[in-house]
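1. I would like the atomic coordinates for the input below:
(chains A and B)
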Amino acid sequence: MADQQEILSGLAEIVNEVAGVPVDNVQLDKAFTDDLDIDSLSMVEVVVAAEEKFGVKIPDDDVKDLRTVGDAVSYIQQAGS
Amino acid sequence: MPTSPRSDSSTVVITGLGATTPVGGDVASTWDALLSGRSGVRSLTEEWASELPVNFAARVAVDPLDVLDRVEARKLDRTQQLALIAAREAWQDAGSPDVDPERLAVSIATGIGGALTLLGQWDVLREDGPRRVSPHTIPMLMPNGSAAIVGLEFSARAGVHTPVSACASGAEAVAQGLVMIREGRADLVVVGGTEACIHPLPLAAFAAMRALSRRNDDPPAASRPWDTQRDGFVFGEGAAVLTLETAEHAKARGAKIYGEVAGAGITADGHHIAQPDPEGRGATRAMRAALADAGASADEVVHINAHGTSTPQGDVAEALAIRAALGEDAAAQVAVTSTKSMTGHLLGAAGAVESMASVMALYERLMPPTINLENLDPEVQLDIVAGQPRKLSEDRFPGAVALNNSFGFGGHNVALAFRSYP
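-> Next up is the predicted model:
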């Protein structure tokens, strides 16, 4: 399974593709909505792309708990283990 | 009948123009191409096109993806992309007006809306399943999507609207803007039309109606309004946007004034869902209503940018309607053109693009030609500006009036009257 750094860089690529946020700005402590300006529709895109990229399932009920990039990285790490 | 002078507070003028069309990526290049008689109609090179009875169209000259930011563009249907490009140009041309958002309105029309998104996401659903359907699908495909995006761009809060009347939609948006300014609902209205649905399904469907030209061996010659060899319209895409405000408002902020939107006439045929009334009675009433609304007489009309789509029936019906509306004497003094001979038919954007062309003709005192007119249909007894642009006679100014006609499937007729200003 991918380690934290690999998931972070993979997620950063997705966020860049979906929302145009520079890859270097996608850091563990950044909040998707408040810091990266990702709206709810784009967040759906990020989640679906992450599911495919990392081969995990992220149910909608869990998405609301993914406030920061770090939350998402941890979730994907655990879901994949 | 003398023209009743209107005060600056009740005169609605055009202060900004924007366009992206099959002949140019902005107003200047579009206008230049129209005067040069350049066709924007081309063969479609996609594999799917070869299987269709009609395999040519008029795509925009400049791909919107070369203009817009990638991330911005990916959440927008092509209709929205084109509308946004035209709206930004018009807004800048108007001097980026400082308007209270609650006094700023939008009316951006479309005939069909986000069909490319609808059809594209249907393919995604079938091939990859529901999870892959984009969450942006609905805001992209809804017909009001372009008006909404333009409204958001300028924070318009006095109302954001989308007239839908097939190929009369763009003209109806201009008419709606005129009414909104007159009624005092807004100080400035961004009006226009957008269309982008060059895709096998709409092409096959229009071809199934026998509405499209089948001149596959010579696409640039396919759109030939009033020519004896015309055989249907040419499917096009594009957008145009105008900013409207009172002359008083425009002068107070030192804006350039292109011309006056003097009147609008809107009628319906009540005849058939797709066939024009053979005598053009609804069109006649629309033109008369536009002139009455403008307080103009038929002999003040110097120019008509006709609907002129190059269909066998429609072109004759419109010619009859023009003569009936103006009367034979005045009709004989009017120079008529169809810029669709170059742009193709932009459906819900046509009325907006041709409003731009009508306004520019009065402003520049120069009328673009109708190309491909080799043998005038004997049933069309009008003075057509054929082949070369023609100067508008100076002795018809000031107060010269140009009409723009737009008719849509469903029997919708919209005539707009523009007047030179001052």
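2. from chain A, which residue is nearest to chain B?
-> Each residue of chain A has a distance to chain B, by CB to the nearest CB, and the smallest belongs to residue A:20, at 3.2 Å. The C-beta positions use only the backbone N, C-alpha and C, and glycine is treated the same way.
3. From residue B:64, how far out is that residue?
-> With distances defined as CB to CB, to the nearest Å, the gap from residue A:20 to residue B:64 amounts to 17 Å.
4. which one of those two has more residues nearby?
-> More neighbours surround residue B:64 than the other of residue A:20 and residue B:64, with 23 against 14 (other CB atoms under 10 Å in any protein chain shown).
5. Is that one in contact with residue B:83, as I believe?
-> No - judged on CB atoms under 8 Å, residue B:64 makes no contact with residue B:83 at a distance of 9.7 Å.
6. Just give the nearest non-adjacent residue to residue B:255, would you?
-> What sits nearest to residue B:255 in space, not counting adjacent residues and going by CB to CB, 6 or more residues apart in numbering or on different chains, is residue B:15, at 4.4 Å.
7. Can you give me the pLDDT of the one you found?
-> Reported pLDDT at residue B:15 in the predicted model: 98.
8. try residue B:29
-> So residue B:29 comes in at 98 (pLDDT).
9. tell me the contacts of it?
-> B:23, B:61 (CB atoms under 8 Å, 6 or more residues apart in numbering or on different chains).
10. Then it would be within a helix, right?
-> Yes - residue state for residue B:29 (DSSP: H, G, I helix; E, B strand; the rest coil) corresponds to a helix.
11. that older thread, okay, the residue of chain A closest to chain B and residue B:68: tell me how far apart.
-> For residue A:20, the distance to residue B:68 equals 12 Å [CB to CB].
12. Quickly list what's touching both of the two.
-> Listed as contacting both residue A:20 and residue B:68 by CB under 8 Å, 6+ apart is no residue at all.
13. and chain B, which residues reach chain A?
-> Contact residues, chain B versus chain A (CB under 8 Å from any CB of the partner chain): B:69-72, B:75, B:131-132, B:134-136, B:139.
14. Buried among the residues you listed? Need that as a selection in ChimeraX.
-> To isolate the buried subset of the residues of chain B next to chain A in ChimeraX, counting by 16 or more other CB atoms under 10 Å in any protein chain shown, use the following:
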select /B:75,134,135,136,139
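15. What ranges does the stretch 101-250 of chain B have for its strands?
-> Counting by DSSP state E, counting those that start in this stretch, the stretch 101-250 of chain B has these strands, from start to end: B:104-109, B:160-161, B:188-195, B:238-246.
16. Give me whichever of those strands is most buried.
-> Across these, the average number of neighbours (mean count of other CB atoms under 10 Å in any protein chain shown) peaks for strand B:188-195, which reaches a mean of 35.
17. that older thread, three-state assignment of the residue nearest to residue B:255?
-> Residue B:15, by the three-state scheme (three-state DSSP), is strand.
18. Report the contact partners of it.
-> Residue B:15 neighbours (CB under 8 Å, 6+ apart): B:93-95, B:97, B:243-245, B:250, B:255-258.
19. Ok, residue B:11 next?
-> B:246-248, B:260, B:421 are the contacts of residue B:11 under CB under 8 Å, 6+ apart.
20. State the distance from it to chain A.
-> Residue B:11 is 42 Å from chain A, where distance means CB to the nearest CB, to the nearest Å.
21. and if you look at residue B:292?
-> Here the distance between residue B:292 and chain A works out to 47 Å (CB to the nearest CB).
22. What's the local residue count around that residue?
-> Here the count is done by other CB under 10 Å, and residue B:292 has 14 residues near it.
23. would you say it is within a helix?
-> Yes - counting by three-state DSSP, residue B:292 falls inside a helix.
24. Where does residue B:260 sit: helix, strand or coil?
-> In three-state terms, and counting by three-state DSSP, residue B:260 is strand.
25. neighbours of it, just the number please.
-> For residue B:260, the count of nearby residues is 25 (other CB under 10 Å).
26. same thing with residue B:331?
-> The criterion is other CB under 10 Å. On that basis, residue B:331 has 20 neighbouring residues.
27. mind listing what it touches?
-> Taking CB under 8 Å, 6+ apart as the contact definition, residue B:331 lies against B:298, B:322-323, B:325, B:382.
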